[in-house]
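Enquirer: here are the coordinates; sequence isn't available:
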């Protein structure tokens, strides 16, 4: 299992509301947020700063480049 940091109260609350709006569990809502963040964040910048080049073939940011 991957490391999962605790969310702040504000982030948890926001995620809960996203999940309610999408009518899906919070875990699935979080996955959707990560799927969409690759559209917003500069993928080239992510790849440039990446410290684990062993996962490029499965990385959602690498796929955007």
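Expert: That came through fine. For clarity, every value in this text was computed on a predicted model and none was experimentally measured. Numbering: from 1, shown residues only.
Enquirer: so residue 29 touches residue 23, yeah?
Expert: No. Contact criterion Cβ atoms under 8 Å: residue 29 and residue 23 do not qualify, at 9.7 Å. To be clear about C-beta, it is placed using only N, CA and C from the backbone, and glycine gets the same treatment.
Enquirer: between these two, who's got more neighbours?
Expert: residue 29 (20 against 8; other Cβ atoms under 10 Å).
Enquirer: tell me which element that one is part of?
Expert: helix 26-40 (DSSP states H and E).
Enquirer: quick one: average confidence on that helix?
Expert: For helix 26-40, mean pLDDT is 91.
Enquirer: buried stuff in that helix?
Expert: For helix 26-40, a neighbour-count test (16 or more other Cβ atoms under 10 Å) marks 26, 29-30, 38 as buried.
Enquirer: redo these as TSV? Include distance to residue 54.
Expert: Output for the buried residues of helix 26-40, formatted as TSV (distance: Cβ to Cβ, whole Å):
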residue	distance to residue 54
26	29
29	28
30	23
38	19
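Enquirer: distance of residue 21 from residue 15?
Expert: 11 Å (Cβ to Cβ, to the nearest Å).
Enquirer: more neighbours, those two?
Expert: Shown here are residue 21 and residue 15; by other Cβ under 10 Å, residue 15 has more neighbours (16 against 9).
Enquirer: much appreciated, bye for now.
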